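> My questions are about this predicted structure, shown below with the sequence.
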Amino acid sequence: MAAMAAVLRGPGRRFRWRTQALAGGVRGAARAGQQDYDLLVIGGGSGGLACAKEAAQLGRKVAVVDYVEPSPQGTKWGLGGTCVNVGCIPKKLMHQAALLGGMIQDAHHYGWEVAQPIRHDWKMAEAVQNHVKSLNWGHRVQLQDRKVKYFNIKASFINEHTVCGIAKSGKETLLSADHIVIATGGRPRYPTHIEGALEYGITSDDIFWLKESPGKTLVLTDVALECAGFLTGIGLDTTVMMRSIPLRGFDQQMSSLVMEHMESHGTQFLKGCIPTCIKRLPDGQLQVTWEDRTSGKKDTGIFDTVLWAIGKGMLSHTHAVSGCPKSLPFYPFVFQCWNHSIGS
C-alpha cells in the first residue's frame, strides 16, 4: 500500500487529492444523490480492501464497490474476495480437517484408544461457512469504522473518473472519483467446449459451499491437486484426471513426489487423459467420458461430483469496463495516471 500511496502522492509531493468535475454530459446523466470520492475501489478482495483502508487512514474520502456474480451453479458470497470466501480461508480449514483425520488414524500408535472406523461428517462445511460469514461481517464493520462507503453494486466505467453501478434490484448509481483502483481479481474458468462441463461441473467457487458431501469426486485437470488432497484426506473417493504433467511450472521432481504421496494416501490418477463429455444419469450421478491421449481409446466412469480446476480468468474486462446500461452514454477512454490496478 505504500507503493500505491507513493503513486497517488507523486514524486516529491504531499498527499493531496482533487475531486474532478464531471463533463456536462455525464453530470446530466447522474442520478439524485450522486457522490464524489477521492478514491473509488472496484473490488472488495484483499487488495481492494487494503487499498481502501490505507487511503481512508490518510484522511481521504473513499468508497468500495463490490459485487459477486453467482457461479453457474448459483453460489455467491459476501465481502472479502476470493481469499476469504472461496480460497485461502476455507481451503486451509478443509486441509486442517484432513490433517486431523490422519492424526486420529495414527493415534493408536501413541496409546490412544480410538473407535474404528472413523468417519468425517460434511456438517463441518457449515461451520466453515459460518466462519467465513463472520469474516464478511468483520470487513464491513472495518470499512464502516474507517468511514469507507460500501456499495454492493456491479460497476462499469462511464469515463476515466466515473463508474455506473447496478444493484441486484436493477437500480443504477453513478459514482465519481479522482482516482479509481481496479481490484476485481478473477474467477475459475470452465472448459465450455466440453459437453456438460458448465451444466454439471462445479469449481472452487462451489466446493466450500456445498450443503451435502461431494461424494465420489473427479477433479480436473493439472492444477487440481490442492482440492483433491483435502477431499482424499477427509475420506472421499477422489480421482484426478491429468492431460499431461502435474503442477506445470513447478519443479517436476518435487511434483512427482507430491503425486506419489497423494497416491499412497488413496488419491487415484488418470494420466494423459482428456474429458470429452459429461452426462447426468437418471439417478443423479454423472457419467464422464474421456479419451486416452496416447492410445485414443475412450472410457467412462461414474461420479457424484465433477470439479473443474483448470485455472482462472480475470474479471476486469467483465466487471469494470463493460455492462453499462444503454440508457447512459459510454465514453471510450485510455487509462490514465488516475486509473490503477491491484491483484490478479
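Everything's here; your move.

> wait, what's in contact with Ile118?
Neighbour list for Ile118: 101, 104-105 [criterion: CB atoms under 8 Å, 6 or more residues apart in numbering]. Yep, even glycine has a C-beta here, placed from its N, CA and C like the rest.

> who wins for neighbours among these?
Gly101 (18 neighbours; other CB atoms under 10 Å).

> just checking, that residue is part of a strand?
No: counting by DSSP: H, G, I helix; E, B strand; the rest coil, Gly101 is located in no strand; its state is helix.

> who does the strand or helix carrying Gly138 touch, helix- and strand-wise?
For Gly138, the element it lies in under DSSP states H and E is helix 124-145. Secondary-structure packing of helix 124-145 (3 or more CB pairs under 8 Å, 6 or more residues apart in numbering; DSSP states H and E): helix 46-57, helix 81-86, helix 88-106, strand 149-151.

> Serialize the contacts of Ile118 to a markdown table and add fields for pLDDT and distance to Lys298.
Compiled in a markdown table, the contacts of Ile118 are given as follows (pLDDT from 0 to 100; distance: CB to CB, whole Å):
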| residue | pLDDT | distance to Lys298 |
| --- | --- | --- |
| Gly101 | 94 | 35 |
| Ile104 | 94 | 41 |
| Gln105 | 90 | 37 |
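
> Of those, which is the nearest to Ala167?
Gly101 (43.0 Å; CB to CB).

> how close does Val181 get to Glu172?
Val181 is 21 Å from Glu172, where distance means CB to CB, to the nearest Å.

> So for the two, which residue has more residues nearby?
Set Val181 next to Glu172 and count neighbours by other CB under 10 Å: Val181 wins out with 26 against 16.

> Show me which residues of stretch 274-288 are buried.
Residues 274-275, 278, 286, 288 are the ones in stretch 274-288 that count as buried (16 or more other CB atoms under 10 Å).

> Point to the residue nearest the middle of the protein.
With the centre of the chain defined as its mean C-alpha position, the nearest residue by CA atoms, centre = their mean is Thr82, 3.6 Å away.

> quick one on the thing from earlier: what angle sits between the helix holding Gly138 and helix 88-106?
150 degrees (axes from the mean of the first three to the mean of the last three CA atoms, to 10 degrees).

> Helix 124-145 - what's its average pLDDT?
Mean pLDDT, computed over helix 124-145, is 97.

> go on, stretch 312-329?
Stretch 312-329 comes out at a mean pLDDT of 55.

> returning to that earlier point: quick one: the helices and strands packed on helix 124-145 as a markdown table, columns for distance to Ala115 too.
Shown next, in a markdown table, are these (distance: least, CB to CB, whole Å):
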| stretch | distance to Ala115 |
| --- | --- |
| helix 46-57 | 42 |
| helix 81-86 | 34 |
| helix 88-106 | 10 |
| strand 149-151 | 48 |
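
> out of the ones you listed, nearest to Tyr37?
Going by CB to CB, the one of these nearest Tyr37 is strand 149-151, 7.5 Å.

> name the helices or strands packed onto the helix or strand following the closest one?
Downstream of strand 149-151, the next assigned helix or strand under DSSP H and E is strand 154-159. If contacts are counted by 3+ CB pairs under 8 Å, 6+ apart, strand 154-159 sits against helix 24-29, strand 162-166, strand 172-182.

> between the ones you listed, which gets nearest to Val62?
Across these, closest to Val62 is strand 172-182 (CB to CB), at 8.6 Å.

> Pairing partners for the closest one, with directions?
Applying DSSP bridges, strand 172-182 is found paired with strand 35-42 (parallel), strand 162-166 (antiparallel), strand 339-341 (parallel).

> tally of neighbours for Thr184?
When neighbours are counted by other CB under 10 Å, Thr184 comes out with 30.

> Just confirm Val306 contacts Thr203, I think it does.
No: using CB atoms under 8 Å, Val306 is not in contact with Thr203, being 10.0 Å away.
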